[in-house]
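Asks: Output the structure for:
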Amino acid sequence: MSALAEATVFDVEPLVVAGSTARPIELTLDPESREWLTALGSVGVLRDDAVARLHALLLHAARFEVARRRRALPHLRGDDFDDIANQAADDALVSVLRRLGDFRGASRFTTWAYKFALLEAAVKLRKRAWQGRELPLEPESWTAFASTDVGPQAELEQRAVIHAIEHAIHEVLTPHQRTVLVALALNGVPIDVLADRLGSNRNALYKTLHDARRRLRRHLDDCGLAVDGTREEE
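Replies: Numbering: from 1, shown residues only. Now for the predicted structure:
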């Protein structure tokens, strides 16, 4: 089985849980970050000014990310990109203010906040790119699983593994697991887009994807076709 195939089907991305209760080691805050937190935690004019400055920072970040990705969306117009950047900044502002208590000073506050806007802009652009498109529910191609530079024996083994995976996807996985795995791992649907279409969320889909991959591993193991490094403990 090719390295690409193994990575595509079996590598599970790290699960990042938004709002996790896990806390990093508390660090000494730099003066600028402390000033931001003090101002945002105050009331009245001081807080309003800090919120306005934060929104401007987030809008700058969102515009940067939109500009970086706009070539991939040639069908959108300038007004569309401005819209996306402003929406991303607005949503990022809400997220930052809601999660101020999560900031522990591992980086500057502005660096930490900046990432919220980058993420929001990227998510919105991916969703816009898939707007109106149907989700592919069947693998668009099995060629990604095949290595071309192999000998006759390796090619036979490769075909057997591919056939076993194809069978397992249709016969072993649940319909929901099949939809998630085919969309994310085989057809490259962005997880934010899939979560939106299925009325789910990133964490639930990561869990489904992880469970589907475990079933595939077990099926290959039962068929005597387990890929090196994919065997898991029960």
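Asks: Please make it C-alpha for all contacts and neighbour counts, starting now.
Replies: Fine.
Asks: who's in contact with the longest helix anywhere in the chain?
Replies: Of all segments of type helix in the chain, defined using DSSP state H, the longest is helix 45-69. Contacts to helix 45-69, defined as C-alpha atoms under 8 Å, 6 or more residues apart in numbering, come from residues 36, 39-41, 81-82, 84-86, 88-90, 92-93, 110, 113-118, 120-122, 125.
Asks: Just the buried residues out of those residues, in PyMOL syntax.
Replies: A single PyMOL command selects the buried members of the contacts of helix 45-69 (16 or more other C-alpha atoms under 10 Å):
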select buried, resi 36+39+40+81+82+84+85+86+88+89+90+92+93+113+114+115+116+117+118+120+121+122+125
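Asks: Can you flag which of the contacts of helix 45-69 belong to helices?
Replies: Among the contacts of helix 45-69, the members found in helices (DSSP H) are 36, 39-40, 81-82, 84-86, 88-90, 92-93, 110, 113-118, 120-122, 125.
Asks: per-domain residue ranges of this protein.
Replies: 3-14+137-222, 41-129 (automatic domain parsing).
Asks: Provide the count of other residues in contact range of residue 197.
Replies: Neighbour count for residue 197, taken as other C-alpha atoms under 10 Å: 13.
Asks: and it, how far is that from residue 119?
Replies: 19 Å (C-alpha to C-alpha, to the nearest Å).
Asks: Okay, strands next: where are they in the chain?
Replies: With DSSP state E as the definition, the chain shows no strands.
Asks: where are the low-confidence patches of it?
Replies: 1-27, 72-78, 131-159, 225-234 (pLDDT under 70).
Asks: Go again with 80.
Replies: For the chain, applying pLDDT under 80 flags the ranges 1-28, 69-79, 127-168, 185-190, 219-220, 222-234.
Asks: how about the helices in it?
Replies: Under DSSP H, the chain gives helices at 3-10, 31-40, 45-69, 78-98, 109-129, 152-171, 175-181, 191-198, 202-222.
Asks: In the last one, which residues are buried?
Replies: In this case it means helix 202-222. Under 16+ other C-alpha under 10 Å, the buried positions of helix 202-222 are 202, 205-206, 208-220.
Asks: residue contacts, the nearest residue to residue 97 once chain neighbours are set aside?
Replies: Using C-alpha to C-alpha, 6 or more residues apart in numbering and skipping the chain neighbours, the partner closest in space to residue 97 is residue 40 (7.9 Å). Contacts here follow C-alpha under 8 Å, 6+ apart; on that basis residue 40 touches 46-48, 50-51, 97.
Asks: As TSV, these with distance to residue 163 and neighbour count would be great.
Replies: What follows is the contacts of residue 40, written out as TSV (distance: C-alpha to C-alpha, whole Å; neighbours: other C-alpha atoms under 10 Å):
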residue	distance to residue 163	neighbour count
46	64	13
47	61	17
48	61	14
50	59	19
51	56	17
97	50	15
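Asks: In a markdown table: these, plus distance to residue 171.
Replies: Below are these laid out as a markdown table (distance: C-alpha to C-alpha, whole Å):
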| residue | distance to residue 171 |
| --- | --- |
| 46 | 61 |
| 47 | 57 |
| 48 | 57 |
| 50 | 56 |
| 51 | 53 |
| 97 | 46 |
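Asks: Those: which two are farthest apart?
Replies: Between any two of the contacts of residue 40, the greatest separation by C-alpha to C-alpha is 14.8 Å, found for 46 and 97.
Asks: ok, residue 191 - contacts?
Replies: Contacts of residue 191 (C-alpha under 8 Å, 6+ apart): 184, 202, 205.
Asks: likewise residue 211?
Replies: residue 177.
Asks: what about it, distance to residue 190?
Replies: 19 Å.
Asks: Also residue 51?
Replies: 31 Å.
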